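Asks: model this:
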Amino acid sequence: MNVKQLELSRRTIAVAAALIGTVSLVIGAHAALNTRAIDAAKAVTTEQITGSIGQSSRLALVIGNGHYPDANAPLTQSINDARALSSSLRKNGFDVDMVEDATKDDMVRAVNRLKSRIKRDSVVMLFFGGYGVQAGRESYMLPVDAVIWKESDVRRHGVSIDGVLDMMKEQGAKAKLVVVDASRRNPYERRFRSYSHGLAPISASDNALILTSASPGKVVDDGKGEHSVLVSEFLNNLGKPGSAESVFNKTRLAISRASEGDQVPTVSSSLLEDVHFGEAGG
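Replies: Take a look at the predicted model:
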C-alpha cells in the first residue's frame, strides 16, 4: 500500500468514525427525549391519581315516596323535599341519585347502586321522605308498593335503615349522614294488634350522623307548606357555614323552638372528624 492509499484509508476511517459518533449522539438525544416524555407522562398520571385520592367522593341517595295506595292522600311534600334537597346537595358537590315513588325493587336497586360506588374516602348521605314503620326495634323505609297487614310484612316489604347503614360501614365509607323524614302517622297502624308509633331509635355507630324528624316513638303531622318542617329548616341551614353536625343541630333546635316542644327532632352523632357539606370542607 502506497502513501496516498494509506492517507485515503485514514480519511475514510475518520469520516466513518465521525458519522458513527454523530449517529450515536442523535440516538442518545432521542432516547433522552423519550425518557423525559415517559417520565413526564408518569408524573402526570401520578398527579391525577394522587389528586383523585386526595379528593373525597360525595355520594347521596335521595328517596321521596309520596303516592301510597293505602293512604287517603298523597304525601306531596316528600316529592318536593326530595327534589329540593337533591338540587341543594348537587350544589354542595354531591353526586346525587334521586328516586321518586320507589317500589321495593326500585329501592333495592338504588341501594345497590350506592353500594357499588362507595370508596374508602366517601362521604355518603341517605335521605328518605315518606312513611316509615318500626318493627322488632328496627326502622324501615316503606316503598310505595308495600302490602302491610302485620308486623312481619314490614320486615318483608320495607327497607331497613340500619341495614343501609351497615352496608355503608362494610364498604368503608369515610362518614355516613342520614336524614329520615318518616315519623308520620301511617295508614297501616290499625292493622297491628300491638303497635308502636313512629320510628325506633337509629344507632349512629362508626362515624355516622343521623337526623330524624321526631323523637323515637313519636309521630308528627305534615304542615301545609311546600316542604315538610324538617326539610324546610334543613335546607335553610344547609347553605350556612359550619359542619354537618352544626347543620343537623341547628335544624333540631329551630324546629323544637318553633313548635314549642311539640316536635323535637333527634340528632345522633358518632362522627370522629368534622364533615362539611360545602366543597371546601371534608
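Asks: Could you find the closest non-adjacent residue to D221?
Replies: R185 (7.1 Å; Cβ to Cβ, 6 or more residues apart in numbering). Heads up, the C-betas are built off the backbone N, CA and C, glycines and all.
Asks: and the one you found, what does it touch?
Replies: Taking Cβ atoms under 8 Å, 6 or more residues apart in numbering, we find R185 in contact with H197, V219, D221.
Asks: Show me what the residue most central in space within the chain is bridged to.
Replies: Nearest to the geometric centre of the chain sits L59, at 2.3 Å (Cα atoms, centre = their mean). Taking DSSP bridges, one obtains D95, V124 as the residues bridged to L59.
Asks: right, and it touches D95 too?
Replies: Yes: the pair L59 and D95 passes the contact test of Cβ atoms under 8 Å, sitting 5.4 Å apart.
Asks: Run a quick neighbour tally on the residue lying closest to A146 once chain neighbours are set aside.
Replies: Nearest residue to A146, sequence neighbours excluded (Cβ to Cβ, 6+ apart): H157, at 4.1 Å. Applying other Cβ atoms under 10 Å, we find 17 residues neighbouring H157.
Asks: could you measure H157 against K91, distance?
Replies: 34 Å (Cβ to Cβ, to the nearest Å).
Asks: coming back round to it: in contact with the residue nearest to the centre of the chain, which residues are there?
Replies: Neighbours of L59 in contact, by Cβ under 8 Å, 6+ apart: F94, D95, D97, L114, R117, I118, S122, V123, V124, M125.
Asks: Out of those residues, flag the one nearest to D262.
Replies: The closest of those to D262 turns out to be M125 (Cβ to Cβ; 27.3 Å).
Asks: was I right about the closest one contacting V178?
Replies: Yes: using Cβ under 8 Å as the test, M125 is close enough to V178 to be in contact (7.2 Å).
Asks: out of the two, which sits in the more crowded spot?
Replies: The neighbour comparison of M125 against V178 (other Cβ under 10 Å) goes to M125, with 27 against 22.
Asks: Could I get the full set of strands for the chain?
Replies: Along the chain, counting by DSSP state E, strands occupy 58-64, 95-100, 123-129, 132-135, 138-141, 159-160, 175-181, 208-212, 266-269.
Asks: could these go into JSON lines alongside mean pLDDT?
Replies: Listed next are these as JSON lines, based on pLDDT from 0 to 100:
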{"stretch": "strand 58-64", "mean pLDDT": "97"}
{"stretch": "strand 95-100", "mean pLDDT": "98"}
{"stretch": "strand 123-129", "mean pLDDT": "97"}
{"stretch": "strand 132-135", "mean pLDDT": "91"}
{"stretch": "strand 138-141", "mean pLDDT": "94"}
{"stretch": "strand 159-160", "mean pLDDT": "96"}
{"stretch": "strand 175-181", "mean pLDDT": "97"}
{"stretch": "strand 208-212", "mean pLDDT": "96"}
{"stretch": "strand 266-269", "mean pLDDT": "95"}
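Asks: among these, which is nearest S232?
Replies: Closest to S232 of the strands of the chain, according to Cβ to Cβ: strand 175-181, at 10.5 Å.
Asks: what angle do that closest one and strand 123-129 make?
Replies: Relative orientation of strand 175-181 versus strand 123-129 (axes from the mean of the first three to the mean of the last three Cα atoms, to 10 degrees): 10 degrees.
Asks: ok, strand 175-181: who's next to it in the sheet?
Replies: Strand 175-181 has these strand partners (DSSP bridges): strand 123-129 (parallel), strand 208-212 (parallel).
Asks: got those strands as TSV, with distance to I255 columns?
Replies: Output for those, formatted as TSV (distance: least, Cβ to Cβ, whole Å):
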stretch	distance to I255
strand 123-129	15
strand 208-212	10
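Asks: Of all those, which one comes closest to R137?
Replies: Closest to R137 of the strands paired with strand 175-181 is strand 208-212 (Cβ to Cβ; 14.7 Å).
Asks: May I see the strands of the chain organised as TSV, with distance to S152 added?
Replies: Conversion of the strands of the chain to TSV gives the following (distance: least, Cβ to Cβ, whole Å):
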stretch	distance to S152
strand 58-64	23
strand 95-100	25
strand 123-129	21
strand 132-135	8
strand 138-141	12
strand 159-160	14
strand 175-181	22
strand 208-212	24
strand 266-269	26
